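>>> Predicted model and sequence below, questions to follow.
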Amino acid sequence: NTAIPENKWKVIQGSVSVTEYGNAVPYSHKLELLAEFDPNDISSETLRSDMKEVLDSAAAAVFITSDWRAVCTSTASTVFTTNSSVAATAAANMSDKNVRDIVDYMQKGWIPSYDSQGYVCVGSVNSLRGLYDYLQAIMQYAKPEFTYNFEIGSYYSCRFVRETSYLSNAAGSGSQYGKAVFFGKDAVVEGLAEAEKLVMKVPTDYNRSKGVSWQGTTGFAKVWDQSSDDANSTGKGI
């Protein structure tokens, strides 16, 4: 007849600042009349690409502020720190052994998995090429239609996605190695005030001055910060 115990979970409040992002391309009515291609279509395509790069970079700038850092000092050795600094210099790109070290470290730290398949790694071209050289024969899917964009495969409960615009390909000894981020669930939150969209300029000068822009108001912040949120100094958020 013992009653079911009643407990509470720890609530930690945080904040995220939003920023107004945008870019625009003006064009004239004369250009619209004489151009071989519609300037609105070309400008819209260019602005969509710019939108992607700007917002991806804004999110990436937060991802790389993690307290936990891993450095591949060789393809068989990984050095970890927990104070947002590094205690070694990279001397290799990731190997299968480094990935196992990192995933084991995340699991021991009670980092929740991103989804039912485990963690996710977003890496620069160099960092993932080093890994792919080790795993080419096994990093394949039976159902490739379920992969993320730019995903190159899965290994040891982690999925690997290539990133081409933000993460460095010139890190470590001789600036010849790449950077990557590993994360689980609730790594970074987006504070979305206004979703990004294309907006046409209201024509002026008797319909002669035109243009198109993209606009959005959003911001990104870490959900978990070990240095400030680990109240009991367990390294596991409890």
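Great, that's in hand. Only a predicted model underlies this, so the values are computations on that prediction, with no experimental measurement involved. Numbering: from 1, shown residues only.
>>> Let me know the distance separating Gly178 from Cys72.
As judged by Cβ to Cβ, to the nearest Å, Gly178 and Cys72 stand 10 Å apart. Every residue, glycine included, has its C-beta placed from N, CA and C.
>>> Give me the common contacts of those two.
Counting by Cβ atoms under 8 Å, 6 or more residues apart in numbering, the contacts common to Gly178 and Cys72 are Asn93.
>>> and those two? which has more neighbours close in?
Between Gly178 and Cys72, counted using other Cβ atoms under 10 Å, Cys72 has the larger neighbour count: 30 against 24.
>>> So the more buried one, which state does it fall into?
For Cys72, the assignment made with DSSP: H, G, I helix; E, B strand; the rest coil gives strand.
>>> any idea which residue sits dead centre in this protein?
Closest to where the C-alpha atoms of the chain average out (Cα atoms, centre = their mean) is Ala60, at 4.6 Å.
>>> Looking at it now. What's its pLDDT?
Looking at Ala60, its pLDDT is 94.
>>> swap in the one 5 residues further on?
Looking at Thr65, its pLDDT stands at 90.
>>> tell me the contacts of it?
Contacts of Thr65 (Cβ under 8 Å, 6+ apart): Ser84, Lys222.
>>> For the residue nearest to the centre of the chain, give its distance to Ser124.
Ala60 is 11 Å from Ser124, by Cβ to Cβ.
>>> and what of Tyr27?
36 Å.
>>> what does Glu151 give?
From Glu151 to Ser124 the distance is 15 Å (Cβ to Cβ).
>>> just Trp9 next, same as before
Distance from Trp9 to Ser124, by Cβ to Cβ: 37 Å.
>>> Neighbour count for those two, which is higher?
Legend: neighbour count by other Cβ under 10 Å for Trp9 and Ser124, higher for Ser124 (23 against 5).
>>> wait, doesn't the more buried one sit right on Val181?
No - with contacts counted by Cβ atoms under 8 Å, Ser124 stays clear of Val181, the gap being 9.8 Å.
>>> for the longest helix seen in the chain, the distance to its chain's centre please.
In the chain, with assignment by DSSP state H, the single longest helix is helix 39-63. Helix 39-63 sits 14 Å away from the centroid of its parent chain (Cα atoms, centre = their mean, to the nearest Å).
>>> try stretch 21-31
Per Cα atoms, centre = their mean, the centroid offset for stretch 21-31 relative to its chain is 30 Å.
>>> Show me the contact partners of it.
Contacts to stretch 21-31, defined as Cβ under 8 Å, 6+ apart, come from residues 39-40, 43, 46-47, 50-51, 54-55, 58, 196, 201, 203, 207-218.
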